[in-house]
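Engineer: Could you look at this predicted model? Sequence included:
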Amino acid sequence: MPRINEAEHKTQERVLKLFQNELNYSYYGDLRHQTNTNIMAEKLVEWLMSPKGGGHSESLSVKAVFELQKTAGNLQQGLYKANQDVYSLLKYGAKVRANPGESEKTIYFIDWEHSHNNEFAIAEEVTIKDKSERRPDLVVYINGIALAVIELKKSTISVSQGVRQNLSNQNEHFNKPFFTTMQFVMAGNSGEGLRYGTIETKEKYYLE
């Protein structure tokens, strides 16, 4: 696929530096050379097993992540319902058992009470491939879960084109499954600033 042009690259670099230097996000790298999903299972399991993530056993952590992946992958009732179900797990946790017959334990994928315990990160050129291959400019993660996508354009190209690109990416003919975890969908350029919505937000309802 063609490389990002120089003007867009400069905008992208500036936004990356904002996240890294001012917001203290980790950098997951340039992910153009691999096919990515919206849940980095290894990173999420590692966080759940760490003291910051609750220090859960590997068994419980793996089972909880499986529940999240299963929910995120269920598009039988459409993207909106899948996204709603994922949000419920992110907010209220997944109930899993380490072994049959044992009592359930609630595993939380995000520490809502102590934000500093979470791993905030950003990646660029994130290749996703379902029906078609696309590459969002920037993806924001918490504990390995993709929660926001950002499309950036050079100043001479309207933000509306970035919004439309986000909308087409959510289409069933392109990369709908990637958006089941997304809480924010954003587009911007250096002239008009940033606009945001959620999944399936129509272009005219994006906010500045």
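Structural biologist: That came through, no problem. Numbering: from 1, shown residues only.
Engineer: Just the pLDDT at the nearest residue to residue 153 once chain neighbours are set aside, thanks.
Structural biologist: Computed as CB to CB, 6 or more residues apart in numbering, the closest residue to residue 153 that is not its neighbour in sequence is residue 189, at 4.3 Å. All C-beta atoms are positioned from the backbone trio N, CA, C, and that covers glycine. We have a pLDDT of 85 for residue 189.
Engineer: Let me see the contact set for residue 189.
Structural biologist: 11, 152, 153, 154, 155, 157, 158, 159, 162 (CB atoms under 8 Å, 6 or more residues apart in numbering).
Engineer: please redo it, this time with the cut-off set to 7 Å
Structural biologist: 11, 152, 153, 154, 155, 157, 159 (CB atoms under 7 Å, 6 or more residues apart in numbering).
Engineer: The second one belongs to a strand?
Structural biologist: Yes: the assignment for residue 152 by DSSP: H, G, I helix; E, B strand; the rest coil puts it in a strand.
Engineer: I'd say it and residue 186 touch.
Structural biologist: No: Residue 152 is beyond contact range of residue 186, at 9.0 Å (criterion: CB atoms under 7 Å).
Engineer: Who has more neighbours out of the two?
Structural biologist: Relative neighbour count places residue 152 above the other of residue 152 and residue 186, with 26 against 23, counting by other CB atoms under 10 Å.
Engineer: need the contact list for residue 193.
Structural biologist: residue 208.
Engineer: what's the spacing between it and residue 19?
Structural biologist: Computed as CB to CB, to the nearest Å, the residue 193 to residue 19 distance reads 16 Å.
Engineer: okay, which residue is most central for this structure?
Structural biologist: In the chain, the centroid-proximal residue (CA atoms, centre = their mean) is residue 146; its distance is 1.7 Å.
Engineer: What separation do you get for the residue found closest to it once you drop the neighbours it is linked to in the chain and residue 83?
Structural biologist: Once flanking residues are discounted, residue 146 sits nearest to residue 38: 4.2 Å by CB to CB, 6+ apart. Shown here: residue 38 relative to residue 83, a distance of 11 Å by CB to CB.
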